[in-house]
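Colleague: got a sequence here, can you build the structure:
(chains A and B)
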Number of protein chains: 2
Amino acid sequence: MSEEPVGGDLSRLRQLNAVGVLRELRGDQPLTLTELSKRTGLSRASTEDVARDLLGRGWLAEVAPAPGSVGRPARRYRFNAGAGRLLGVDVGGHKVLALVTDLDGEVLHQVRVDVPAEAGRRARLAAVDRCVSKAIAGAGEIWATGVASTGLVDGTGKVMLSDSLPEWTGVDLAAHVRRLVPGPVRVENDCKLAALAENWRGVARYAKDVVFLLAGLRTGAGLIIDGKLHRGFANWSGEIGALPAVGWQTAPNHLHAWLTNHPTTDAFEGVFVAARAGDVSALAAVDGYVKDLAVGASALVLTLDPQLVVIGGGFSRSADVMVEPLRRELDRWCLRTPEIRVSAFADEGVALGAVRLALDEVEATITSGLRP
Amino acid sequence: MSEEPVGGDLSRLRQLNAVGVLRELRGDQPLTLTELSKRTGLSRASTEDVARDLLGRGWLAEVAPAPGSVGRPARRYRFNAGAGRLLGVDVGGHKVLALVTDLDGEVLHQVRVDVPAEAGRRARLAAVDRCVSKAIAGAGEIWATGVASTGLVDGTGKVMLSDSLPEWTGVDLAAHVRRLVPGPVRVENDCKLAALAENWRGVARYAKDVVFLLAGLRTGAGLIIDGKLHRGFANWSGEIGALPAVGWQTAPNHLHAWLTNHPTTDAFEGVFVAARAGDVSALAAVDGYVKDLAVGASALVLTLDPQLVVIGGGFSRSADVMVEPLRRELDRWCLRTPEIRVSAFADEGVALGAVRLALDEVEATITSGLRP
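Modeller: Next up is the predicted model:
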């Protein structure tokens, strides 16, 4: 890699050098110029040049010299995760949730706006507006935004198909959110983002092949294959629930039926609470639900042979009454039952995956040599 | 990359340089030393050194200088695909098929030995012995061997589970074949290898995400994801047929039933011939078969959203009566029906995939610096 800038404020080559330096500094350890120069292969002079520039932009911060240094102490640098902010927004059936994080994905604050499930397009987008304005007020400069939506999302950020949210098919969500925030906006399906979050900071860290199951009012899946989110040719992967034979369309009916017979309980949580307390009919309802869930889950497991199945979504809070029956059913259908883990994100996993999407955008922007 | 050999006959660094040179020469164009030096980033002297060594080993061949060269014509080199031989063996239900190819995978000759479907372990392995000895006699030096088997194969080349071949579970196929051939031997599941062959030299070249369907006496699947064969955590991917809900276990019954009612026809081919001729009951049998096949195929398509579905296996010869009904069924279940193509390999696809496995082995061996 040549180190000579060929002109302009921050030339292409200088940008590439900057990317190299930033990559080295994303680790936990601050580094001296000498260490940076050695790791990047850049000359000492170029390294200094790049570091000065990145310091000026706020992407690097200087750290106190290592204790015990002899002679003139060497300056050390670290990536300045506080230089900018990322926004992750989950547009769900019952809520809009926004997370503001630093460039390392550490959550600084969050805003939640409840939305009735039956809200139409206009009301839901108004809730998005309220949630986002509240989240970004005084949050610092938002460098990039990721948005999660139920349904199929195309490459431009438009919702191609949603059968769970009223009037949601056709919403150009990326265009809508772009009016609210500075910087790039990307939109992706919620199950895919929840899978991404588990692989990034959740229970599926370090796993290369993961089936993520969203178990809640809706059932969905997101796939990590070979360490990367698998999107598919037209971004329509993970939609096995559309196939009636795998049981996901009828799965929640077992819980619905129980609730109908127990009108004093109005939330699904109630079924799981009753099952946990040993209520025989509630246990049977959960069993019916898990049996249906397991057929589709087994289809995914048999197809991909993942290292790990992660259970997320609203029902994952009741995983204690679900995991063992699910394991039994997977044992029944699968040739090899993978490890099953329960998401630790409660209902923030999807929004955290949206943050990861925003971070991808920042990293791509740095790499492509454009100022975020 | 340093270019100085640090000692020994062919040092590690020299090997890395050799790999770089070989990589550049795997293309169609012969290259001069000047071109090689530019592409590999090695000095002229090191390039010459490596080229001399590779010529001595037979991995490179000299080509006549480019026509119209002025002055002293520059020597040009190409990869010598004829330096060694690869062996691919398909151990199937009714046959053992062996292909001998050059290092580019061009088939030089093939040997086929029929085996009765009911043959036990000993008889089938004896057929493997006959087929392999015949194939390698006078074939030149076999550098590596790939073997395809039905059933689940572990990383050591042992058959973990086969429900279609009698007494086949537990066979250590790699160890058996190692006694017959020089060089490394690798064993893999037949559907996976057929998928690999389509991605390498078949109708799925250049496609990154492919569902390969083996449609024949057995139904199976092999998956190419992001341009690579997807194996899964324990090499058990693609086994969706084990799930009764997706219909593959009953799919062939429709054809069996028709044959039972038409005792003069004794091969499955007969159903398709009658269907092609417009026989109403044969058309219904094919329709029933395709309907069952399509449920599992839809589960794979909905899961992965591939660019392409490839139909291979014995019934792919009758694809003309299968493809349209299959497309209709996929349209029925899938959110997006991918392109459907029919394998052009007849029943040699699996063995060709085994050749690719052998080639992987040779390339890995070169890369790891050991003489094949």
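Colleague: CA atoms for contacts and neighbours, from now on please.
Modeller: Will do.
Colleague: count the residues that sit near A:E339.
Modeller: 12 (other C-alpha atoms under 10 Å in any protein chain shown).
Colleague: please see if stretch A:160-170 touches chain B.
Modeller: No - Stretch A:160-170 lies apart from chain B when judged by C-alpha under 8 Å from any C-alpha of the partner chain; the minimum separation is 9.7 Å.
Colleague: quick check: mean pLDDT of that stretch?
Modeller: If you average the pLDDT over stretch A:160-170, you get 92.
Colleague: list the buried ones in that stretch?
Modeller: Residues of stretch A:160-170 classed as buried: A:L161, A:S162, A:S164, A:L165, A:E167, A:W168, A:T169 (neighbour count, 16 or more other C-alpha atoms under 10 Å in any protein chain shown).
Colleague: start and end of that stretch, how far apart?
Modeller: From its first residue to its last, stretch A:160-170 covers 6 Å (C-alpha to C-alpha, to the nearest Å).
Colleague: cool, and stretch A:155-174?
Modeller: End-to-end distance of stretch A:155-174 (C-alpha to C-alpha): 10 Å.
Colleague: check the offset of it from the chain's centre.
Modeller: Averaging C-alpha positions (C-alpha atoms, centre = their mean, to the nearest Å) puts stretch A:155-174 19 Å from its chain's average.
Colleague: ok, stretch A:287-301 next?
Modeller: Relative to its chain's centre, stretch A:287-301 lies at 24 Å (C-alpha atoms, centre = their mean).
Colleague: need the helices for the stretch 251-372 of chain A, in chain order.
Modeller: Taking DSSP state H, counting those that start in this stretch, the helices of the stretch 251-372 of chain A run over residues A:253-261, A:269-276, A:280-304, A:319-333, A:349-367.
Colleague: domain ranges for chain A?
Modeller: A:12-79, A:83-194+A:349-367, A:203-344 (automatic domain parsing).
Colleague: relative to B:I225, which of the buried residues of stretch A:160-170 is nearest.
Modeller: Nearest to B:I225 among the buried residues of stretch A:160-170 is A:L161, at 24.6 Å by C-alpha to C-alpha.
Colleague: ok, now which ones touch the nearest residue in space to that closest one that is not next to it in sequence?
Modeller: Nearest non-adjacent residue to A:L161, counting by C-alpha to C-alpha, 6 or more residues apart in numbering or on different chains: A:T169, 4.7 Å away. Shown in contact with A:T169 (C-alpha atoms under 8 Å, 6 or more residues apart in numbering or on different chains): A:G151, A:V159, A:M160, A:L161, A:S162, A:D163.
Colleague: same check on A:L173?
Modeller: Contacts of A:L173 (C-alpha under 8 Å, 6+ apart): A:G157, A:K158, A:V159, A:V187.
Colleague: thought A:L293 was touching A:Q249?
Modeller: No - with contact defined as C-alpha atoms under 8 Å, A:L293 does not reach A:Q249; the gap is 9.2 Å.
Colleague: what about these two, which has more around it?
Modeller: Neighbours were tallied for A:L293 and for A:Q249 using other C-alpha under 10 Å; the higher tally belongs to A:L293 (26 against 16).
Colleague: read off the pLDDT value for that one.
Modeller: Looking at A:L293, its pLDDT stands at 97.
Colleague: how close does it sit to chain B?
Modeller: Look at A:L293 and chain B: by C-alpha to the nearest C-alpha, to the nearest Å, they are 13 Å apart.
Colleague: just A:R276 next, same as before
Modeller: Here A:R276 is placed at a distance of 30 Å from chain B (C-alpha to the nearest C-alpha).
Colleague: which of the contacts of A:T169 fall in helices?
Modeller: Among those, no member is found in helices (DSSP state H).
Colleague: just checking, A:T337 touches A:L330?
Modeller: Yes - with contact defined as C-alpha under 8 Å, A:T337 and A:L330 form a contacting pair (6.0 Å).
Colleague: looking at those two, which is more packed in?
Modeller: More crowded of A:T337 and A:L330, by other C-alpha under 10 Å: A:L330, with 24 against 21.
Colleague: could I get the contacting residues of the more buried one?
Modeller: Listed by C-alpha under 8 Å, 6+ apart, the contact partners of A:L330 are A:A294, A:V295, A:A297, A:S298, A:T337.
Colleague: now these as CSV including distance to A:S46?
Modeller: Shown next, in CSV, are the contacts of A:L330 (distance: C-alpha to C-alpha, whole Å):
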residue, distance to A:S46
A:A294, 57
A:V295, 58
A:A297, 53
A:S298, 54
A:T337, 53
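Colleague: closest one of the residues you listed to A:D104?
Modeller: For those, the nearest to A:D104 is A:A297 (32.4 Å; C-alpha to C-alpha).
Colleague: any idea how far A:W168 is from that closest one?
Modeller: According to C-alpha to C-alpha, A:A297 stands 27 Å off from A:W168.
Colleague: with A:V309 instead?
Modeller: According to C-alpha to C-alpha, A:V309 stands 29 Å off from A:W168.
Colleague: one more: A:A148?
Modeller: 13 Å.
Colleague: and for A:G155?
Modeller: Per C-alpha to C-alpha, A:G155 is found 17 Å from A:W168.
Colleague: which residue ranges form the helices in the stretch 101-250 of chain A?
Modeller: For the stretch 101-250 of chain A, the helices defined by DSSP H, counting those that start in this stretch occupy A:121-136, A:173-178, A:190-201.
Colleague: residues making contact with stretch A:246-256?
Modeller: A:217-219, A:240-242, A:268, A:271, A:285-286, A:288-293, A:295-296, A:299, B:245-246.
Colleague: 6 Å instead, please
Modeller: Stretch A:246-256 has contacts (C-alpha atoms under 6 Å, 6 or more residues apart in numbering or on different chains) with A:G241, A:A285, A:G288, A:Y289, A:D292, A:L293, A:V295, A:G296.
Colleague: next, the distance between the ends of that stretch.
Modeller: Terminal residues of stretch A:246-256 are spaced 19 Å apart (C-alpha to C-alpha).
Colleague: do stretch A:67-83 as well
Modeller: Using C-alpha to C-alpha, the end-to-end distance of stretch A:67-83 comes out at 26 Å.
Colleague: any buried residues in that stretch, and which?
Modeller: A:R76, A:Y77, A:R78, A:F79, A:N80, A:A81, A:G82, A:A83.
Colleague: got it, and stretch A:240-250?
Modeller: Neighbour-count burial for stretch A:240-250 [16+ other C-alpha under 10 Å]: A:I240, A:G241, A:A242, A:L243, A:A245, A:V246, A:G247, A:W248, A:Q249, A:T250.
Colleague: next one, pLDDT for the last one please.
Modeller: Predicted confidence (pLDDT) for A:T250: 93.
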